[in-house]
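>>> Got a sequence here, can you model it:
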Amino acid sequence: MHGDNTIRSFGNIYRVHKRSKVRYWLFGILIGLLLILFIPWTQNIRATGDITTLRQEQRPQQLNTIIPGKVAKWHVKEGDYVKKGDTIMQLSEIKDDYLDPNLLSRTKEQLTAKEMSVEGYKSKAGAADVQISALSQGRELKISQIENKFRQQRMKVQSDSMEMLAANNDYTIATQQYRRQKNMYDSGLVSLTQLEQRNMSFQNAAAKKTSAEIKFLNSKQELGILQLEMNGVLQDYNEKISKATGDQFQSNAQVATGQGEISKLRNQYMNYDLRSKLYFITAPQSGQIVKAKKAGIGEIVKDGEMIVEIVPDNIQFAVEIFVRPVDLPLLEIGQKIRFMFDGFPAVVFSGWPQASYGTFGGKIAAIESSVSENGKFRVLVAEDSSDKKWPRQLKMGTGAQGMALLKDVPIWYELWRNINGFPPDYYKPIQQKEANAKK
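Reported below is the predicted structural model:
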């Protein structure tokens with residue numbers, strides 16, 4: 001009895017006669033592993049990055065001063081949210097060229113005085129132009145009068161010339177008659193009284209001849225005097241016109257100089273006016289104030305110095321990731337990327353993105369062609385509008401881990417590729433292929 005119990009216990013413990021199923025489990029596991037090797041696996045590229053923005057104007061920006069000055073008043077403090085155009089800080093002037101509180105009004109007075117001076121020179125130039133016109137008309141009238149006298153004097157010279165010719169003829173005839181009368185007197189044919197009468201006629205003809213010649217010469221001399229008078233009139237009027245023209249040119253030159261000074265004063269006035277508006281530093285866009293570099297009232301700031309930094313509140317988030325040069329040919333514009341953001345829990349299955357939880361989708365928006373300082377290439381990824389929205393709680397600089405989804409391959413192929421150290425398969429996204437086909 002005791003022996004039977006011993007044998008039964010031995011059999012129950014060691015179960016020597018029981019048929020083993022280990023080989024079935026072994027074959028089942030091997031078959032399962034073999035089947036798993038043919039399950040599709042999504043190749044991917046892992047990369048880390050940070051939250052940034054797609055547009056550079058939406059990134060944190062420095063607010064700098066344009067002019068030097070002294071801090072007069074702060075209107076905000078660090079952490080405050082401001083809207084576009086809100087006053088950040090008020091400055092006061094420190095340069096002695098701009099300390100006059102009435103600088104704008106005094107510059108305006110100078111500008112008005114110079115404009116009045118220019119108008120006066122314009123009026124003077126206009127008066128000189130009227131004077132030149134009057135002198136020109138007077139010269140033409142005077143020349144016309146002298147030319148009339150010229151015509152009259154020429155006719156008188158012609159008339160005196162005819163009278164001189166007639167007197168010469170009379171003198172020639174009287175001379176011949178006197179000679180013949182004298183010959184007849186010498187022959188005793190005529191009396192002395194007749195000779196004396198003929199001699200008197202000869203003397204009268206000679207006197208008329210001399211008078212006609214003198215009259216003709218006087219007429220010619222008068223014609224020359226008229227020519228001299230015309231030359232004198234022309235010279236006198238030309239001198240007056242030249243003087244008036246010189247005055248006009250001088251006035252026009254003063255007008256041009258005055259207009260140049262007016263432009264300079266207007267430029268100066270606008271600079272003063274714009275400078276007075278620069279005393280109030282305003283927000284270029286809405287956002288949060290951070291990193292105030294100046295503290296107390298009365299501190300001096302230089303031109304171009306940073307005052308605060310503004311983080312815009314209306315941001316179109318993007319992620320910048322850095323990929324290795326060997327992986328760069330695998331990326332294309334529009335390619336899908338999956339992200340895990342720091343601070344947001346996620347369960348990730350590397351080869352099965354559909355089974356992952358807590359990841360967010362994105363599309364490659366830009367790939368830089370120049371290598372970065374870290375030896376990798378920078379890639380900008382924007383939010384995928386066809387996927388779920390990115391969390392609104394994201395902040396600039398938040399870390400992110402990205403996975404660029406590539407080709408679907410069997411697990412055995414992926415294991416073989418990794419064992420041999422081969423890179424992922426090169427391919428283009430479907431939408432990229434379709435775009436190329438359309439082209």
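>>> List of residues touching stretch 165-184?
190, 194-195, 198-199, 201-202, 204-206, 208-209, 211-213 (CB atoms under 8 Å, 6 or more residues apart in numbering). Any C-beta I mention is one placed from the backbone N, CA and C, and that applies to glycine too.
>>> Return the member of those nearest to residue 151.
Nearest to residue 151 among those: residue 212, at 22.1 Å, using CB to CB.
>>> Which residues does residue 69 form beta bridges with?
residue 301 (DSSP bridges).
>>> mind listing the helices in the stretch 1-150 of the chain by residue range?
Under the criterion DSSP state H, counting those that start in this stretch, the stretch 1-150 of the chain carries helices at the ranges 2-14, 22-36, 103-186.
>>> Nearest approach to residue 253 belongs to which of the ones you listed?
Going by CB to CB, the one of these nearest residue 253 is helix 103-186, 8.8 Å.
>>> Among the helices of the stretch 1-150 of the chain, show me which one is buried the most.
Of all the helices of the stretch 1-150 of the chain, helix 103-186 carries the top mean neighbour count, a mean of 15, counting by mean count of other CB atoms under 10 Å.
>>> Save the helices of the stretch 1-150 of the chain as CSV, and put in distance to residue 364 too.
Formatted as CSV, these follow (distance: least, CB to CB, whole Å):
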stretch, distance to residue 364
helix 2-14, 65
helix 22-36, 31
helix 103-186, 54
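>>> what's the average pLDDT for stretch 97-111?
Stretch 97-111 carries an average pLDDT of 83.
>>> just how off-centre is that stretch within its chain?
When distances are taken as CA atoms, centre = their mean, to the nearest Å, stretch 97-111 is centred 29 Å away from the chain's centroid.
>>> Now do the end-to-end distance for it.
18 Å (CA to CA, to the nearest Å).
>>> now do stretch 86-103
Across stretch 86-103, first to last residue, CA to CA, it's 26 Å.
>>> what sits up against that stretch?
So stretch 86-103 is contacted by 63, 65, 67-76, 82, 106, 272, 275, 278-283, 289, 294, 300-301, 307-308 (CB under 8 Å, 6+ apart).
>>> Mind checking which of the contacts of stretch 165-184 are buried?
By neighbour count, with 16 or more other CB atoms under 10 Å, the contacts of stretch 165-184 hold 190, 195, 198-199, 201-202, 205-206, 208-209, 212 as buried.
>>> ok and the helix or strand harbouring residue 207 relative to helix 103-186, angle-wise?
Element membership of residue 207 [criterion: DSSP states H and E] is helix 192-277. Angle, helix 192-277 to helix 103-186, by axes from the mean of the first three to the mean of the last three CA atoms, to 10 degrees: 170 degrees.
>>> What helices and strands are in contact with the next helix-or-strand element following helix 192-277?
Later in the chain than helix 192-277, the nearest helix or strand by DSSP H and E is strand 280-282. Other helices and strands packing on strand 280-282, by 3 or more CB pairs under 8 Å, 6 or more residues apart in numbering; DSSP states H and E, are strand 87-92.
>>> rerun that using 10 Å as the cut-off
strand 61-64, strand 69-74, strand 87-92 (3 or more CB pairs under 10 Å, 6 or more residues apart in numbering; DSSP states H and E).
>>> Turn the buried ones among the contacts of stretch 165-184 into a markdown table, columns for distance to residue 238 and pLDDT.
As requested, the buried ones among the contacts of stretch 165-184 are exported to a markdown table (distance: CB to CB, whole Å; pLDDT from 0 to 100):
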| residue | distance to residue 238 | pLDDT |
| --- | --- | --- |
| 190 | 68 | 72 |
| 195 | 64 | 72 |
| 198 | 60 | 77 |
| 199 | 58 | 78 |
| 201 | 55 | 81 |
| 202 | 54 | 80 |
| 205 | 49 | 81 |
| 206 | 48 | 83 |
| 208 | 45 | 85 |
| 209 | 44 | 84 |
| 212 | 39 | 83 |
